[in-house]
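Engineer: How does the following fold in three dimensions:
(chains A and B)
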Amino acid sequence: MLPTFVIGLREGLEASLIVGIVAAFLRRNGRSRDIWALWVGVGIAIVLCALVAVGLRLAEQNLPQRQQEGLETIIGLVAVGFVTWMILWMRKHARDLKGDLESHAAAALAAGSATALIFMAFIAVLREGFETAVFLLAAFQASTDPASAGIGATLGVIVAVVIGFGIYKGGVKLNLAKFFTVTGVVLVVVAAGLCATAVHTAHEANWFNGLQTQAANLHWLVDPGSIRAALLTGMFGIQPRPTIGEAFAYIIYAVPMLLFVLIPARARRAPTQVAVPVA
Amino acid sequence: MKFLLVVTGIALLAACGSSSKSSSGGSATQTLSITITKNGCPPPATAKAGKTKFTVTNNGAGNISEVELMSGSKIVGEKEDLAPGLTGSFTVTLQPGAYTTKCPGGQGGTLTVSS
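Structural biologist: You can find the predicted model right below:
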């Protein structure tokens, strides 16, 4: 049961983390009414993945692996874009968010941005959803102890959803502006992980074959098959044996973004004000 | 933000459009099997070139769930999410030369393909 639980947990987390972050961001920044649209979008994505998995099973076809990895790469990079945008947006509106007000006219998200974020949650589910749905079906048909394998896989996905929901609730309760530094650092770490993962899946999609030398052996931290590995790989994109390319991607994103988050606003150059002469 | 949406849409369409060359048309001329055990994922030592279906079975290895067939640093075929008791397959057109299997958590092996 544990091996399938671990896989379900990891795959589930890769989706539920993004959904939880997006939901918390929407709710916290004046778009509470869009939350229901978010859950509907997520629900549609789940149904879509289930239909595709059942269809593939009935047609006795495999999920096209290379295309799946390509999809994961593109959506992963889009997710990096969204999380980066969120960090910048929070920094810009930190002044307006300092109070305990849930919504403030000046800080509220535009409707267009909310729609884009809901779309992000939708594709975040698709990114792992096809593979996870196929895996769930396969687990229930394992050659040894299918009930245990299937239940384990289902429990893994459920725990991932619970964690994502916890992130949503926690993100809503915390005063994100007050704790901008902490929130910002966590988001940078998540986005850097997404960068590294995108390089990993790009290699699996045959789009990128360079810089494949192993950079480090992180088996001591990310022991394959363990729950800790599922959490670290699923949430923070840490691979057991990261390549030079994956390490570069991580560092190239993390270093400037961490500097941006950690250096106080007033220490950075203030925007120049153009004085308009009054005639 | 809207720019990101447009770029995503185009990129997704492009990804769907790119064809999978390894499993188009015709049936495999041979089927080989790779069994994952706690030690790793050794492939058969030798094989003939041609369209090959690899059947991968996880025989009790809780720490290994993924096998990749590589030609140098390029992945020519892979199967993920193979928990103990699960079986999967992928099809590759083998060329003469050396291939290796890689499975995070275990030891791979070498497959030499002759024409």
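Engineer: helix/strand/coil for residue B:35?
Structural biologist: What DSSP: H, G, I helix; E, B strand; the rest coil gives for residue B:35 is strand.
Engineer: Surely it touches residue B:61?
Structural biologist: No - between residue B:35 and residue B:61 there is no contact under C-beta atoms under 8 Å: 9.3 Å. For the C-beta atoms, the positions are set from N, CA and C on the backbone; glycine is no exception.
Engineer: the more surrounded of these two?
Structural biologist: Using other C-beta atoms under 10 Å in any protein chain shown as the criterion, residue B:35 and residue B:61 rank with residue B:61 on top: 23 against 17.
Engineer: Surely that one touches residue B:105?
Structural biologist: Yes - the criterion here is C-beta under 8 Å, and residue B:61 meets it with residue B:105 at 7.5 Å.
Engineer: just so I have it, where are all the strands in chain B?
Structural biologist: B:30-36, B:46-48, B:50-58, B:67-71, B:74-79, B:87-94, B:97-102, B:110-114 (DSSP state E).
Engineer: residues of the shortest one that come out buried?
Structural biologist: Put plainly, it is strand B:46-48. residue B:47 (16 or more other C-beta atoms under 10 Å in any protein chain shown).
Engineer: now do stretch B:49-67
Structural biologist: For stretch B:49-67, by 16+ other C-beta under 10 Å, it's B:51-54, B:56-58, B:61-67.
Engineer: Grab the nearest non-local neighbour of residue A:52.
Structural biologist: Distances taken as C-beta to C-beta, 6 or more residues apart in numbering or on different chains place residue A:130 nearest to residue A:52, at 5.6 Å, with adjacent residues excluded.
Engineer: any idea of the mean pLDDT in whatever helix or strand the one you found lives in?
Structural biologist: Applying DSSP states H and E as the criterion places residue A:130 in helix A:111-139. Over the span of helix A:111-139, the pLDDT mean works out to 94.
Engineer: ok, now stretch A:43-55?
Structural biologist: 96.
Engineer: Please work out which residues outside it touch it.
Structural biologist: A:122-123, A:125-126, A:129-130, A:132-134, A:136-137 (C-beta atoms under 8 Å, 6 or more residues apart in numbering or on different chains).
Engineer: Equivalent analysis for stretch A:153-172, please.
Structural biologist: So stretch A:153-172 is contacted by A:1, A:4-13, A:15-17, A:19-21, A:23-25, A:27-28, A:132, A:135-136, A:139-140, A:183, A:230, A:234, B:83 (C-beta under 8 Å, 6+ apart).
Engineer: Below-threshold pLDDT in chain B: ranges please.
Structural biologist: By pLDDT under 70, the low-scoring segments of chain B are B:1-26.
Engineer: How about residue 82: what's its closest non-neighbour residue?
Structural biologist: Using chain A. Nearest non-adjacent residue to residue A:82 (C-beta to C-beta, 6+ apart): residue A:120, at 4.8 Å.
Engineer: Chain B was what I was after
Structural biologist: Nearest to residue B:82 is residue B:58, by C-beta to C-beta, 6+ apart, at 4.5 Å.
Engineer: which strand residues sit across from the one you found in the sheet?
Structural biologist: residue B:36 (DSSP bridges).
Engineer: For residue 60, give me phi and psi.
Structural biologist: I'll assume chain A. When read as degrees, to the nearest 10, the backbone of residue A:60 gives phi 50, psi 40.
Engineer: show me what contacts residue B:42?
Structural biologist: B:34, B:101, B:107-109.
Engineer: buried subset of these?
Structural biologist: Buried among the contacts of residue B:42 by 16+ other C-beta under 10 Å: B:34, B:101, B:108-109.
Engineer: ok, these vs residue A:246, which is closest?
Structural biologist: Using C-beta to C-beta, residue B:108 is the member of the buried ones among the contacts of residue B:42 that lies nearest residue A:246, at 19.1 Å.
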